[in-house]
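K.L.:
I need the structure of the sequence given here:
(one chain, ligands or ions: 1)
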Amino acid sequence: MRIEPTVGKNLGAKMIVFQILFASCLLIFILWKWKVSYWQRRDIPCIEAKFPFGSIADIVLMRKTIGEVYDEIYYQLGDAPFGGIYRFWWPALFVKDPELIKTVFVKEFPSFHDNDYYVNPDVDPILGLNPFNSKGEKWKYSRGIVTPSLTILKTKMMLPGIRLVCQQMIDYLNSHLGEHLETYELMAKYSTDVVGCSAYGMYGNSFEHPDSTLRQMSSKMFDGSLKGNIALLCALYAPKLGSILKFKILTEEVNEYFVQVVRKAVEQRKDTNTVRDDFLQSLINENNEAEARGEPPVFSDKEMAAHSMTFFLDGFETTAILLGFILYELSLNALPQEKLRQELLKVGTSLDEFEFDKIHEAEYLDRVVMETLRMHPSGTSFARSCTQDITLRSADGREVFVEKGTPVILPMYSVHNDSKYFPNPDVFDPERFTEENKATRPQFSFFPFGGGPRTCPGNKFAMTMVKLAVVAVVLNFSLAPREIPRGKLELDPLNQFFHTAKRGLWVKFDRL
Ligand code: HEM
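P.N.:
Numbering: from 1, shown residues only. Predicted coordinates for the structure are as follows:
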C-alpha cells in the first residue's frame, strides 16, 4: 500500500496561499503609496497620509471633530495658500486663502457647482432631494422649489408663528428660574417648533410637551447606529465607497413619519378647505393649479415630504446650535449682555414691538450673532467637487491644477478663528463686526452661510427666528454661566456634521 505524502502537500498549498496573500498585500501597499503621493508628484505642499485613513484618521475614529482636525492641517500647512490632503487614499485640495475661497465659491462657480457629498437618492429618497445633496440640474430644480418660500415677504408672514413660540419659551423659562439649563436642548425645542410651524403649520409646543412626536423625530433624524454612522462618514469623506455600500443615512422611522405628516396635512386642508401661510401650502398650491389645468400633480406625497423636510433638516439644527452658543457666550460675557439689553430696550419691551425691520435694524444684536457665528459656525467646513479641470492661482502667484472630480475643502472654522483676520480669536468681541472693522478684512475671512450661487437660502429666515429668540430671552432674563471654562471648549467628536459642545452648554436664567 502506498502512503500519500499529505504533510508535504498541505505545506505546499499553505505556501502558495501565503505567497498570494503576501503579493496582494505588497500590491495594495504599492498602490496605496502611489495613490498617496498624488500631491508630492505635483509638487504641492501636503499632509502626509497614514494607512488606511490618510490625513483624517482622527475624524474617522471619532477622536476629534472635523473642525479640530482641519484646524491642525490648516496650521501644519504654514503660509501656503493651499495644500493637499488625503481622505483615505483619495486626494483633496485644502484651500486656506480667503481670495481663493472666493474663487471657488463665486468666481469659478462653473468648476465648483457641486457639493462633494454623496447621498444615494434610491436609498435615501428624502435626503436625495435636498438641494444640499443635489448636483447639477437636479440642484437647480430642488433649490428653485425651496427658495421662493424663504423670501423676506414670506419670512414676515411667519413672524406671528415665531412670536407664539417665543412666548412659549418665555413661559418655560419662567417656570425654571434659577436652574441651569442646557442651551442647545432648550433651543432645539424652540427651533423644532418654529421650523415645524413654518414648514407644515404644526404647532408642537415642545416646551410644554418635550416628548412631542415632532421633537422626538427631530432628535432621531440620524440614529447614531454603526450602519448610520458609516453611511454618514461615507457621504462626507468617501462618496465613492458610499455609492458601493448603499447604507441608509436617515432612519426609516423618520422618513415614514414625515411622509405621513404631509399626507395627513394635505388631506385635512382639503377636507376643511383650509389655506395656510407655510411652505407645505406653496407645494399644495402648485398641485392644485396643475389639477385645475387638467394636468397630473407636480409633486407626489414623497416629493412633498422630501421638500418640506429640506426646510426642517436644514433649518432646525443649524439655528438651535447657533442660539445655544449665543446664550452661552452672553452668559460668559456680562458687558456685551448688558449692552445688548440696553439697545433692545430702546426699541421696546414687548415682542410685538419687534417688527421685521426693527429686528434687523438692531446693530449690536447683529454683531452679537455674527461674532457667535464666527467663533462657533454651526458646520465647520465646506467640500465642493471640482466639476471641470481648472488651474487656481493664489494672490502670491502660486498655482495648482485641479483635476475634475477632486474634492476641494474650505475650512471655515479655521479661517474664522485665525488671528491674522481676528486678533485674539478666543475672545468674544462683537465690535469686530462694526462696518469699519469689517472693511479691514478680506470678504471671505467670514462665510458662515457659504458663498456664491449655493449660499444658504434660509439666511434671512434663520436670522429672523434667531434674533427674535435672543430678544425674548435678553429682555426678560439675566444669563449666568454654570462655570467659567478653563481653556478651550471641549467639542463633541461624535457629531460628524455640526460643531457642538461635548458636555453641553449650561446657563442659569434669572428673571430681570
Ligand atoms: C443659523 C442658521 C443657518 C446656518 C448657519 C446655515 C448655514 C448654511 C450653510 C453654510 C450652507 C451651505 C452653503 C454653501 O454651500 O455655500 C447652507 C445651505 C442651505 N441652507 Fe442653511 N443655514 C442656516 C439656516 C437655514 C434655514 C433656517 C434654512 C431653511 C429653512 C436653510 C436652508 C438651507 C438650504 C436649502 C441649503 C442648501 C443650499 C444649496 O445647496 O443650494 N438654512 N446653510
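K.L.:
distance of whichever residue of the stretch 251-400 of the chain sits closest to the ligand from L489?
P.N.:
Closest residue of the stretch 251-400 of the chain to the ligand, CB to the nearest ligand atom: G315 (3.0 Å). Just so you know, the C-beta spots here come from the backbone N, C-alpha and C atoms, and that holds for glycine as well. For G315, the distance to L489 equals 24 Å [CB to CB, to the nearest Å].
K.L.:
higher neighbour count, these two?
P.N.:
G315 (24 against 16; other CB atoms under 10 Å).
K.L.:
what about the nearest residue to the more buried one once chain neighbours are set aside, how many residues nearby?
P.N.:
Nearest non-adjacent residue to G315, counting by CB to CB, 6 or more residues apart in numbering: V195, 4.5 Å away. Neighbour count for V195, taken as other CB under 10 Å: 32.
K.L.:
let me see the contact set for V195.
P.N.:
Counting by CB atoms under 8 Å, 6 or more residues apart in numbering, V195 makes contact with F311, F312, G315, F316, T319, M465.
K.L.:
redo that, cut-off 6 Å
P.N.:
Residues in contact with V195 (CB atoms under 6 Å, 6 or more residues apart in numbering) are F312, G315, F316.
K.L.:
wait, is the last one part of a helix?
P.N.:
Right, F316. Yes - counting by DSSP: H, G, I helix; E, B strand; the rest coil, F316 is found in a helix.
K.L.:
pretty sure it sits against R215.
P.N.:
No - F316 is not in contact with R215 according to CB atoms under 6 Å; the separation is 9.9 Å.
K.L.:
and these two? Which one has more around it.
P.N.:
F316 (25 against 21).
K.L.:
for the spatially most central residue of the chain, grab phi and psi.
P.N.:
By CA atoms, centre = their mean, the chain has its centre lying nearest to G379, at 4.1 Å. Note on G379: backbone dihedrals following degrees, to the nearest 10 are phi -100, psi 160.
K.L.:
residue numbers of the stretch 51-200 of the chain in contact with the ligand?
P.N.:
P131, F132, R143, V146, L150 (CB under 6 Å from any ligand atom).
K.L.:
wait, the stretch 251-400 of the chain
P.N.:
Looking at the ligand, the residues of the stretch 251-400 of the chain close enough under CB under 6 Å from any ligand atom are T310, F311, D314, G315, T318, T319, L322, S378, G379, F382.
K.L.:
which among these end up buried?
P.N.:
Among these, the ones that count as buried by 16 or more other CB atoms under 10 Å are T310, F311, D314, G315, T318, T319, L322, S378, G379, F382.
K.L.:
put together CSV for the residues you listed, with pLDDT and distance to K35 on each row.
P.N.:
Output for these, formatted as CSV (pLDDT from 0 to 100; distance: CB to CB, whole Å):
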residue, pLDDT, distance to K35
T310, 83, 36
F311, 81, 40
D314, 86, 34
G315, 88, 39
T318, 94, 35
T319, 96, 40
L322, 97, 39
S378, 89, 33
G379, 88, 28
F382, 95, 24
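K.L.:
and these, which two are the farthest apart?
P.N.:
By the measure CB to CB, F311 and F382 form the most distant pair in these, at 21.0 Å.
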